[in-house]
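>>> Here is my input; please provide its structure:
(2 chains)
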Amino acid sequence: MQEVTAQPSAIPELEPKKYKSSSELKKRLWRNKLLYVMLIPGVLFFVIFKYFPMYGLVISFQDYKPYQGILGSNWVGLEHFKRLFAEPDFLNILGNTLILFGMNIIFYFPIPIILALMLNELRGTFFKRLFQTLVYLPHFMSWVIVVSITFVMVTMDGGIINELLVYFGLPKVNFLLNPDWFRPMYIIQVIWREAGWGTIIYLAAIAAVDPGLYEAARMDGAGRLRQVWHITLPAIRSVIITLLILKIGSVLDLGFEHAYLLLNSMNREVAEIIDTYVYTAGLRQGQFSYSTAIGFFKSVIGLIMVMSVNKLSKKMGEEGVY
Amino acid sequence: MVEDRTIGGRIFAAVNFTLLALIALVTVLPFIHVVAGSFTTSAELAANKFVLIPKVWSFEAYKFIFSTDTIFRALGVSIGVTLIGTAFSMFITALMAYGLSRRDLDGRNVINFLVVFTMLFHGGMIPTFLVVKELGLIDSYAALILPSAISAFNMIILKNFFQNIPEGLEESAKIDGCNDFGILFRIVLPLSLPSIATISLFYAVTYWNTYMSAILYLDDSAKWPIQVLLRQIVVLASGMDYSSSLDAAVPPPDQTIKMAVIVVATLPILMVYPFLQKHFAKGAMLGSMKG
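Residues are numbered from 1 along each chain as shown, chains lettered A, B, ... in the order given. Predicted coordinates for the structure are as follows:
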C-alpha cells in the first residue's frame, strides 16, 4: 500500500477531487490484488470456453472452412438462416423438439410438486429420509446408464417388460425401434430420473412456511387436503413460477445426450431434435456454418423466452429469476 | 405439524404413505433388477425373468467383462478424469467464488453479470468444438475436463454461501496478518464444508457421467471413459443400429454381461452417495434458497 501512495499519479491533469477518488480506486485495486489473482483462472475459463464460442457464432454468417478459419472464410449473410426455414427437415426437428418440451411441461413439471407435497405430509422422519434417498438416486445416474437400464428391460430377447407382456398374453413390442414408443419412453425416463431430485427445492420452500398458518387453518376446521390447497401451495407459488420460467427458457434445449442415445434409424422421424441434429449435421457431415446457425437460433430463442417470461412474471407481481 | 387423529386424517396418512412407498419402490426396482441380473447366470435369468435375489449366484458376467483390459482401461480413464477434474474444478471454482463474494472488490458486478449471462446464452456445440479443436485438445483427456471446468451454477451457489460467512471473521484474520489466500484456505473453506462436499459431489458425478465431451472430443477409442464403452456394449449391441455395429457376425453380449457393465458404470456413484447425501440436501438447499 505504501508503494501506491508513493507513486506519482498517472493522470495528474485531472481535477483534485477526481484525482483523489481515482487514487483511492487504485489503492483499493492494489489492496485486493490477491483477490484479482484468484479470479484469473475462472475468468480465463469463462472467456475461453464461454465467450470465445459466442464470438464463434459469427461463422453462421459465413461459409466457414476449417482451414481458412473465421478470419479467412467468406461471408454469406443470412443464407444459412434462410435455408433453415426452407428445410422440411428442420421444421420437423423443431416440431419434435417442441412436442417433447410440451410433454415435459405437462407430464413432468407437476410431478416434483406433487411428490414434494406428499413427502411433506409424511409423518416420521425415518421414512421421509428413506423415500427421499431412494427417489433422489436416479438423478446421479448418467443418461447412458438410464438408457442402458431401459434397454436391458425392454429388449425383445429376454427383456423383463416383454416377458411380462407375454406372460399376460400380449404380443411383444419392439420399444426401441418403434417410433410410437419413443416419446412415451423418453418422458418416462425423464420422470424416473428427475422427479425425486426436483422435489428438493419445493421441500425447501415448504419448510420455510410459518407453522402458525397451519394451526390457524386447523382452528378454522381445515382438513389436510384443505391445508395443502390453501397454505402450502400458495406458499410455494413463487418457487413454482420461477422454475417454470427457467424451464420455458430452455424450450429448445432438451439436452443432447438423452435423445441421442435413444435415436436410431427407425425412430429418427420423431426422435431427432435440434441438439442431435446440430451434432449430426455439424460434426458428422461437416456443415459447420449451417449447424452453428441452428444452434444460434436455439440460443436466441432461449434468451428471448427467458427474458419475456421473466418480464411477464414480474408484471404479475412475482419475483422473477433476476 | 401436529398429528391429525381424525379418521379422515388417518386415511389420508395411510394412502399417502402407501403411494410414496410404491413410488420409491418403482424408482429402485429397475436398478435392483439389473444388479441381481448381473450376479446370476444367463440361464437363470432366462428361466426366472424377473430376478430380485438370484437363486444361483454367479460372477461369470464380471469374470467375462474383466477378462480383457477394455473395461479396466475405461474405468481407469473415468476414475482419473473424475479425481483430477473434481479437484481442479473445485479449486478454481472456490477461488473465483471467494473473489466474487467479497463486497469491496471493484468490478465484481460486471464479472457476476458475465457469468450469469453464460447461463442464459451460449455459443453452442459447434463453436465450442472449434475452440477446443483450435486449442489442440482433441483426443486429450484435458478435453474432458477443461471445457466444463466451472459450472456457473455451482460457482454462484458457492459464492452465495461464502457471502453469508460473517465478515468480522475475515477482518480479524486480516488483522492477524493473514492474506486473502490464507483467509480462504484457513477460515472460509473449513467453515464451508457442507457446501464444498455438495459441490464436489456435483462435479464428481458430472465427470463420472461424462459422455458428450467424450464423443465430441475423443476420436481414439482407447481413451474412452466407461460411459462411452457402456453405450457401445449395451445400446449399440441391442440391435438398434446394425449399420454401426462393428461386426455383424459377433453375437450381441448376454443380458447378464450388459447388466454387469451397467453396475460397474454406476457403482462409484452408489458408493459415494451415502457419504455425501446428508451434506447435499442441506448444502443444495442453503445455496438455492439464498440465491
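
>>> Helix, strand or coil: sort out B:His122 for me.
Using DSSP: H, G, I helix; E, B strand; the rest coil, the three-state assignment for B:His122 comes out as coil.

>>> What sits closest to it if chain neighbours are left out?
Nearest-residue entry for B:His122: A:Ser299, 5.9 Å, with adjacent residues in sequence omitted and distances by Cβ to Cβ, 6 or more residues apart in numbering or on different chains. In short, each C-beta sits where N, CA and C put it, glycine included.

>>> since we're on that neighbour, how many residues are nearby?
Taking other Cβ atoms under 10 Å in any protein chain shown as the neighbour definition, A:Ser299 ends up with a count of 19.

>>> I'd assumed B:Ile126 was in contact with it.
No - if you go by Cβ atoms under 8 Å, A:Ser299 and B:Ile126 don't touch, sitting 11.6 Å apart.

>>> Now do the contacts for A:Ala259.
Counting by Cβ atoms under 8 Å, 6 or more residues apart in numbering or on different chains, A:Ala259 makes contact with A:100, A:186, A:271-273, A:275-276.

>>> Where does pLDDT dip in the chain?
Using chain A here. Counting by pLDDT under 70, the ranges of chain A that qualify are A:1-20, A:319-322.

>>> wait, chain B
Low-confidence regions of chain B, defined here as pLDDT under 70, cover residues B:1-5, B:49-51, B:237-252, B:279-291.

>>> Dihedrals phi and psi, whatever residue of the stretch 151-291 of chain B ends up closest to chain A?
Residue nearest to chain A within the stretch 151-291 of chain B: B:Asn209 (3.4 Å; Cβ to the nearest Cβ). In this entry, B:Asn209 is assigned phi and psi values of phi -90, psi 10 (degrees, to the nearest 10).

>>> I'd guessed it sits against B:Val228; true?
No - under the contact definition of Cβ under 8 Å, B:Asn209 does not touch B:Val228, with a separation of 11.0 Å.

>>> got the phi/psi numbers for the residue nearest the centre of chain A?
Relative to the mean C-alpha position of chain A, the nearest C-alpha, by Cα atoms, centre = their mean, is the one of A:Ser250, at 5.5 Å. Backbone geometry at A:Ser250, expressed as degrees, to the nearest 10, gives phi -100, psi 30.

>>> repeat for the one 4 residues further on
The phi and psi values for A:Leu254, taken as degrees, to the nearest 10, are phi -80, psi -20.

>>> just the one 10 residues further on next, same as before
Main-chain dihedrals, A:Asn264, degrees, to the nearest 10: phi -150, psi 180.

>>> Now for B:Glu134, how many residues are close by?
Counted with other Cβ under 10 Å, the neighbours of B:Glu134 add up to 15.

>>> Next up, the contacts around it.
Contacts of B:Glu134 by Cβ under 8 Å, 6+ apart: none found.

>>> For A:Val278, see how far away B:Met125 is.
Applying Cβ to Cβ, to the nearest Å, the value for B:Met125 to A:Val278 is 5 Å.

>>> Residues that sit against both of those two, list them.
Residues within reach of B:Met125 and of A:Val278 at once, by Cβ under 8 Å, 6+ apart, are A:256, A:291, A:295.

>>> which one among those gets closest to A:Leu35?
A:Gly295 (35.1 Å; Cβ to Cβ).

>>> does the closest one sit in a helix or strand, and which one?
In the assignment (DSSP states H and E), A:Gly295 maps to helix A:288-315.

>>> which helices and strands does that helix pack with?
With contacts defined as 3 or more Cβ pairs under 8 Å, 6 or more residues apart in numbering or on different chains; DSSP states H and E, the packing partners of helix A:288-315 are helix A:79-86, helix A:237-249, helix A:274-278, helix B:108-120, helix B:125-134.

>>> Now with 6 Å, please.
Using 3 or more Cβ pairs under 6 Å, 6 or more residues apart in numbering or on different chains; DSSP states H and E as the contact criterion, the neighbours of helix A:288-315 among helices and strands are helix A:79-86, helix A:237-249, helix A:274-278, helix B:125-134.

>>> winner for burial among these?
By mean neighbour count, with neighbours taken as mean count of other Cβ atoms under 10 Å in any protein chain shown, helix A:274-278 ranks first of the helices and strands packed on helix A:288-315 at a mean of 24.

>>> tell me which residues in stretch B:28-48 are buried?
The neighbour-count check on stretch B:28-48 (16 or more other Cβ atoms under 10 Å in any protein chain shown) flags B:30-31, B:33-42, B:44-45, B:48 as buried.

>>> make that stretch B:55-68, sorry
For stretch B:55-68, the neighbour count (16+ other Cβ under 10 Å) marks B:58, B:60-62, B:64-65 as buried.

>>> Any idea how many residues pack against the nearest residue to A:Val239 once chain neighbours are set aside?
Closest residue in space to A:Val239, ignoring its immediate chain neighbours: A:Ala205 at 4.4 Å, by Cβ to Cβ, 6+ apart. The tally of other residues near A:Ala205 (other Cβ under 10 Å) stands at 21.
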